[in-house]
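J.: Just the structure for this:
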Amino acid sequence: MLRAVRHGLKISAEVRQALHEKRGVVALESTVITHGLPQPTNIETAKSLENIVRENGAVPATIGLLNGEVHVGLTFSQIEQIADPSASAVKVSQRDIPFAMAKKLHGGTTVAATMFLANLAGIRVFATGGIGGVHRDAEDSFDISADLIELSRTPVAVVCAGVKSILDVGKTLEFMETHGVGVVVHGKSKSFPGFFVPETDFQAPYNSESLEEIAAIIKHGRSLNMSNGMVIACPIPQEHVAADPTLIENAIQKAVKEAKKQKIVAKEVTPYILQRVNDITKGRSMKSNIALLENNARIGAKLSVLLAGRSEPESESSPVRAKAQVPKRKVEKKPKVVS
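T.: Below you'll find the predicted structure:
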């Protein structure tokens with residue numbers, strides 16, 4: 001029986017079987033369905049991502065909440081259910097999971113929540129668009145994504161297109177370094193990708209063109225019982241870049257100013273800015289968004305297949321958090337007194 005069953009997760013039969021047989025499984029988030037993309041593009045994209053994962057030899061596990069129950073491996077009908085605007089699905093980060101469960105809500109899981117739940121289920125690879133990070137005005141707002149905290153304590157490999165260029169890329173990389181998060185660019189250059197653009201002015205600590213080598217890095221980390229996650233940053237393919245980087249940057253700056261003026265804060269900031277950037281670029285940024293999601297799903301599937309099987313060293317720690325093994329106290333037997 002899978003360990004994750006004890007945590008009350010509703011794991012689909014397909015995902016459960018794949019995990020039992022040690023085949024490649026890729027976790028997929030659901031906020032892209034509930035909050036990231038408009039109808040019907042959101043449903044079409046969700047189905048496309050699952051198909052791409054299957055075509056590359058792995059099993060997709062879209063994670064979300066239905067009536068307060070956590071599902072690992074949503075069916076197409078369940079995806080349509082949480083995508084329905086009348087369902088009023090909420091955006092669920094890691095901290096929101098117990099609240100959404102208690103309130104029996106529908107919910108789309110963010111990067112942080114998806115990582116946490118994937119780890120509970122025993123899934124080692126998660127493919128998404130871009131991770132959250134340190135916001136550009138963090139010195140005043142203290143706005144730092146929970147994604148980074150989850151990456152520092154949850155051993156899941158996150159395949160993404162870097163951080164969204166609406167964020168402070170340099171501070172985000174510094175934050176991850178401080179908190180022990182591994183960062184590898186999958187490509188020829190160490191230049192850290194910026195979601196809509198394949199390169200930024202900032203360098204990642206490592207890069208590798210070989211997924212086999214990246215899989216080996218992940219396996220060594222797990223063999224050492226390291227509890228941090230790893231970011232595999234995959235630059236958006238050049239043919240899918242939305243527009244000139246200057247145009248994207250100008251659109252972002254305009255959207256950020258609008259968000260401040262309208263006092264949009266916390267987890268509502270990113271969806272607002274992405275929508276405004278899409279409006280300003282006349283839909284070109286959304287096409288790029290979908291293209292990079294599909295690229296990451298493809299790479300994530302290939303990576304999960306490489307990590308699958310019995311070659312990965314087993315960790316003795318809990319799948320939730322690495323814990324120190326406390327030695328049992330030795331109890332000395334008292335000699336019997338014979339009267």
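
J.: shaky segments in this protein?
T.: Applying pLDDT under 70 to the chain flags the ranges 1-6, 242-245, 266-267, 309-339.

J.: Helices of the stretch 101-250 of the chain, residue ranges please.
T.: 111-121, 138-141, 146-151, 169-178, 211-223, 245-261 (DSSP state H, counting those that start in this stretch).

J.: Contacts only, for the closest residue in space to Thr31 that isn't next to it in sequence.
T.: Once flanking residues are discounted, Thr31 sits nearest to Gly108: 4.0 Å by C-beta to C-beta, 6 or more residues apart in numbering. Every C-beta, even on glycine, is put in place using the N, C-alpha and C of the backbone. The contact partners of Gly108, by C-beta atoms under 8 Å, 6 or more residues apart in numbering, come to 29-35, 64-65, 82, 89-92.

J.: re the thing from before, return the most buried member of the helices of the stretch 101-250 of the chain.
T.: Neighbour counts (mean count of other C-beta atoms under 10 Å) averaged over each of these peak at helix 111-121, with a mean of 27.

J.: element containing the residue nearest to Ile290 when sequence neighbours are not counted, please.
T.: Among residues not flanking Ile290 along the chain, Thr45 sits closest, at 5.5 Å (C-beta to C-beta, 6+ apart). Take DSSP states H and E as the rule and Thr45 turns out to sit in helix 41-55.

J.: what packs against the very next helix or strand once past that helix?
T.: Where DSSP H and E defines the elements, the next helix or strand beyond helix 41-55 is strand 59-66. In terms of contacts (3 or more C-beta pairs under 8 Å, 6 or more residues apart in numbering; DSSP states H and E), strand 59-66 is packed against helix 13-20, strand 25-28, helix 41-55, strand 69-72, helix 76-83, helix 97-102, strand 107-109, helix 111-121.

J.: Now with 7 Å, please.
T.: Contacts defined by 3 or more C-beta pairs under 7 Å, 6 or more residues apart in numbering; DSSP states H and E place strand 59-66 against helix 13-20, strand 25-28, helix 41-55, strand 69-72, helix 76-83, strand 107-109, helix 111-121.
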